[in-house]
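Colleague: Need the 3D shape of this:
(one chain, ligands or ions: 1)
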Amino acid sequence: MYRVMRYIGLTVSWLVLWRVAVVLEFAPHASIWFPPAGLSFAALLVLGWRAVGPIAVAGFVSTAWITDIYSEPLTWMTWLTSSVLFVGAHTLPLGVGAYFVKCAHINNGVIGFPRTVLTFLVVSAISSLLTSLLGIIALTEGGLMSEPEQWLSWLPWWIGDMAGVMVLAPVFIAVLSWRYPSINEHLGELNFSLKSVKWRVFFGRLCLVVVLLGLSVFLVYQTQRLEASFTVFFIVLPFLWIATTASPLTSVFILALFSGVMALLVAQLQLQDFALVYQFAMTITAACVWFALSIPTLIAQNANLAARVARDGLTHAASRGYFLQRLEKRLRSNEANSPCCLIIFDFDHFKQINDVYGHIIGDHVLVSVTNYINQQLRENDMMGRFGGDEFMIMLPDTDFSDAQAIAKRLCAGIERLRIDGLSDSVSCSFGVVYCQPKEQAMSAIGRADRALLNAKKQGRCQVVACVA
Ligand SMILES: Nc1nc2c(ncn2[C@@H]2O[C@H](COP(=O)(O)OP(=O)(O)OP(=O)(O)O)[C@@H](O)[C@H]2O)c(=O)[nH]1
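Modeller: Residues are numbered from 1 along each chain as shown. Sure thing, here's the model as predicted:
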């Protein structure tokens, strides 16, 4: 029962939107935008083919209603043929398009959000072109459209449907996602939760774009000049700002209301001569908003990747590349005159630990020892993984004797560590160097590595300092 009510609600909403579009018509069968296309796309995306029934009923009713609006006589047979053709022409391209967008997000995943946006925009353009061409054929077959009207209608119909899909489908998807939350897994980065909307931000930014639109439309109304109508394209700039700073739902709501006000102003002020400009402004603004919505996502993903690249996945010590970068920066900076020391340490007979206890325990040893060392270091110090079982520690503002003392303390502390799953104790060998002012990072590492080699040669589990 509840489900039937929802389907009836879908049919009624579709018809209300369709009636609004008819009021805003500026050419036969061509409104500045066609909101029902947005609702059909959203319903087909969220409900799948279950949405076809309610949309079909709405299509049959609207075809009959056209007679009333255009005062064209309609026989039962003509009504039936036109309705079936119209419903097919409307639902088939939009349904296939919605299916593509749904699959695109699954295939592209989180990283591919901009690609999903591109798919949505391309699908909106192609599906709308097909609905307009097939719709015109349907109306012509039913005798509801003459040949001159076909030529007048195809472009405004196409762009009107495209505007309906690009601008309104996301709003309807958001509304439907509150009732059908399973769609959220396909929406990925898009947070369409109402909680994400900050109402002060929403009203402030909505006022800004509506005022700018009002100024632009007023200029056109006063001058009746085509050049003046192009000023509406400048509103793309505040929209880019909105889309990159507000939540997706806020941007999508503002875009829909802005487009609604635009359609209303064009109809009320009789600006039909400029309707195509406004139609294109609507779709271009929507396309820009969609691309701009992916910018915060890309920034967040980049930050995430950068953080991952900077850390070693197992021990969470700095990665080799990041450590070298930081050491190089420290040695070249003005602080280079203050002392900086470098320690390199390597586990003793680590291969044996792996061979006797297995690699899982080997990993556990690496994690336990590096955790212990991290606890011993100051906030400014930095540990990095050179590779395998070899690690480096940068000690800024530390003189040579202190660095040697730290290495000895760590060496003794590691030997005392009791590690779960390991009956023997572990040990490490250490090489310590004082970094010369303006010395290359790799030169300091080379010297520390030679000291470490000496520590290994001298029997392991000890600290060797390299003075020069
Ligand atoms: N479990 C584990 N083992 C690793 C990892 N990275 C490197 N190893 C192993 O660490 C061992 C390092 O051995 P070597 O450096 O050749 O020498 P060693 O056995 O430590 O002996 P010395 O350094 O001469 O005292 C190798 O067997 C590597 O396979 C890791 O992430 N996890």
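
Colleague: show me where pLDDT drops low in the stretch 101-250 of the chain?
Modeller: 105-112, 186-191 (pLDDT under 70).

Colleague: give me every residue that touches residue 363.
Modeller: residue 314 (CB atoms under 8 Å, 6 or more residues apart in numbering). Every C-beta, even on glycine, is put in place using the N, C-alpha and C of the backbone.

Colleague: Can you tell me the SS state at it?
Modeller: Residue 363 falls in the helix class when you classify it by DSSP: H, G, I helix; E, B strand; the rest coil.

Colleague: The residue in the chain that the ligand sits nearest to: how many residues sit nearby?
Modeller: Relative to the ligand, the nearest point of the chain is residue 362 (2.7 Å; CB to the nearest ligand atom). By other CB atoms under 10 Å, the residues close to residue 362 number 20.

Colleague: Check the gap between the residue nearest to it when sequence neighbours are not counted and residue 364 for me.
Modeller: Nearest-residue entry for residue 362: residue 354, 4.1 Å, with adjacent residues in sequence omitted and distances by CB to CB, 6 or more residues apart in numbering. Shown here: residue 354 relative to residue 364, a distance of 11 Å by CB to CB, to the nearest Å.

Colleague: again with residue 399
Modeller: The gap separating residue 399 from residue 364 is 35 Å, by CB to CB.

Colleague: between those two, which one's more packed in?
Modeller: Set residue 399 next to residue 364 and count neighbours by other CB under 10 Å: residue 364 wins out with 18 against 14.

Colleague: Please verify my assumption that that one contacts residue 417.
Modeller: No: using CB atoms under 8 Å, residue 364 makes no contact with residue 417, being 11.8 Å away.

Colleague: phi, psi of residue 193?
Modeller: Here is the backbone geometry of residue 193 (degrees, to the nearest 10): phi -80, psi 140.

Colleague: Next up, the contacts around it.
Modeller: Residue 193 touches residue 249, counting by CB under 8 Å, 6+ apart.

Colleague: tell me the strands in the protein, going along the chain?
Modeller: Assigned by DSSP state E, the strands in the chain fall at 25-27, 30-31, 340-347, 382-387, 390-396, 428-434, 463-466.

Colleague: The last one and the ligand in contact?
Modeller: Meaning strand 463-466. No: applying CB under 6 Å from any ligand atom, one finds strand 463-466 separated from the ligand by no less than 13.9 Å.

Colleague: Low-confidence bits of the stretch 351-468 of the chain, can you list those?
Modeller: 468.

Colleague: Recalculate using a threshold of 90.
Modeller: Along the stretch 351-468 of the chain, the model assigns pLDDT under 90 to residues 420-424, 436-439, 466-468.

Colleague: near the ligand, which residues of it?
Modeller: Near the ligand, when you scan the stretch 351-468 of the chain using CB under 6 Å from any ligand atom, you find 351-352, 354, 359, 362-363, 366, 388-389, 456, 460.

Colleague: same thing but at 5 Å, please
Modeller: 351, 359, 362-363, 388-389 (CB under 5 Å from any ligand atom).

Colleague: Out of the residues you listed, which is nearest to residue 57?
Modeller: residue 363 (62.3 Å; CB to CB).

Colleague: tell me the contacts of the spatially closest residue to residue 282 that is not a sequence neighbour?
Modeller: Computed as CB to CB, 6+ apart, the closest residue to residue 282 that is not its neighbour in sequence is residue 163, at 4.4 Å. By CB under 8 Å, 6+ apart, the contact set of residue 163 is 32-34, 259, 279, 282-283, 286.

Colleague: Pipe these into CSV and attach pLDDT and distance to residue 342 per row.
Modeller: Shown next, in CSV, are the contacts of residue 163 (pLDDT from 0 to 100; distance: CB to CB, whole Å):
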residue, pLDDT, distance to residue 342
32, 76, 68
33, 80, 65
34, 86, 68
259, 94, 61
279, 89, 65
282, 93, 61
283, 93, 59
286, 94, 55
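
Colleague: I'd like those laid out as TSV, including neighbour count and distance to the ligand.
Modeller: What follows is these, written out as TSV (neighbours: other CB atoms under 10 Å; distance: CB to the nearest ligand atom, whole Å):
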residue	neighbour count	distance to the ligand
32	29	63
33	31	59
34	34	60
259	27	56
279	26	60
282	25	56
283	24	53
286	27	50
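
Colleague: Appreciated, that's everything.
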